[in-house]
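Undergrad: I would like to see how this sequence folds:
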Amino acid sequence: MAILYRDVVPELIHAWSTDDNYSHGYLIPPIAAYLAWERRQLFLSAPIHPSAFGLIVILGSVLVLALGVLGIELFLTRISLLGVFGGTLLFLFGWPRLRVMLFPLAFLILMIPLPAIIFNQIAFPLQLIASQFGEEVIRAASIPVLREGNVLVLANITLEVAEACSGIRSLISLLTLGIVFGYIGDARTWVRVLIAVSTVPVAVISNGARVAGTGIAAHYYGSAAAEGFLHEFSGWLVFVTAFAMMVLLYRVLRFIAPDRKDSADSSVAVSAA
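TA: Numbering: from 1, shown residues only. Sure thing, here's the model as predicted:
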């Protein structure tokens, strides 16, 4: 593996350093390692049934690596690494132990940048949604605005909702945070899935609010409100707000459908008292 992926892994780390959309990639391996360590007792207690099918998975993954190298498709070379990991677990320990480590292994997918063709298919619609949302909010604030695609034309400034402002960066980061938060916060699968899925509308709404806020501020205070420190700071502020919305949703879910285990623990504590 060290020989086969001697170029792939450094290139992946370089992508984290140069692409702001995936700067969170540095955090994914340590978090996945923690998730695997947390499951160590389940892993050790699961029966060992080595499967020769693991060799097929490994060979298939190496073939995908070769196709990616020949076709200069970085996504294939990177995703094949996870296939080799999974195939190795399957070959050495079998299906029961692979199932235990399936979530930490799948979590590593978040560190791999999407192919450009898929990334653009997601980013451009997000640009339009953010532009439309911003237009409606600005218009609701009684400020004249004209939208042409992803461009908002105000009386004193023209704002372009660029790819960097589409919200995909916050969406990817918030999705990662939502998966970890849901996994740690609640043991119920449906709650974890709902928290992770909720990051999509939360990120879209919060980014649209950022575009609208930038437009309103630019209308009253000029172009300085739409660039430089204020623009960057608003991005961090919106991300924090989006995370707070996700936490609020989790609290509402816990209030509507409390965990039976928590209820049982509370009953026991009351009885003991």
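
Undergrad: tell me the contacts of Leu76?
TA: Leu76 makes contact with 64-65, 67-68 under the criterion Cβ atoms under 8 Å, 6 or more residues apart in numbering. Bear in mind the C-beta positions are built from the backbone N, C-alpha and C, glycine included.

Undergrad: please redo it, this time with the cut-off set to 7 Å
TA: The contact partners of Leu76, taken as Cβ atoms under 7 Å, 6 or more residues apart in numbering, are 64, 67-68.

Undergrad: Any of those residues buried? List them.
TA: Buried subset of the contacts of Leu76 (neighbour count, 16 or more other Cβ atoms under 10 Å): 64, 68.

Undergrad: Give me the pLDDT value at Met111.
TA: Here, the pLDDT recorded for Met111 equals 93.

Undergrad: How much space separates it from Ser80?
TA: Distance of Met111 to Ser80, given as Cβ to Cβ, to the nearest Å: 14 Å.

Undergrad: Take the contacts of Leu76 and write them to CSV, including secondary structure.
TA: As requested, these are exported to CSV (DSSP: H, G, I helix; E, B strand; the rest coil):
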residue, secondary structure
Val64, helix
Leu67, helix
Gly68, helix
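
Undergrad: Take the contacts of Leu76 and lay them out in JSON lines including pLDDT and distance to Phe181.
TA: Shown next, in JSON lines, are those (pLDDT from 0 to 100; distance: Cβ to Cβ, whole Å):
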{"residue": "Val64", "pLDDT": "93", "distance to Phe181": "32"}
{"residue": "Leu67", "pLDDT": "91", "distance to Phe181": "36"}
{"residue": "Gly68", "pLDDT": "89", "distance to Phe181": "33"}
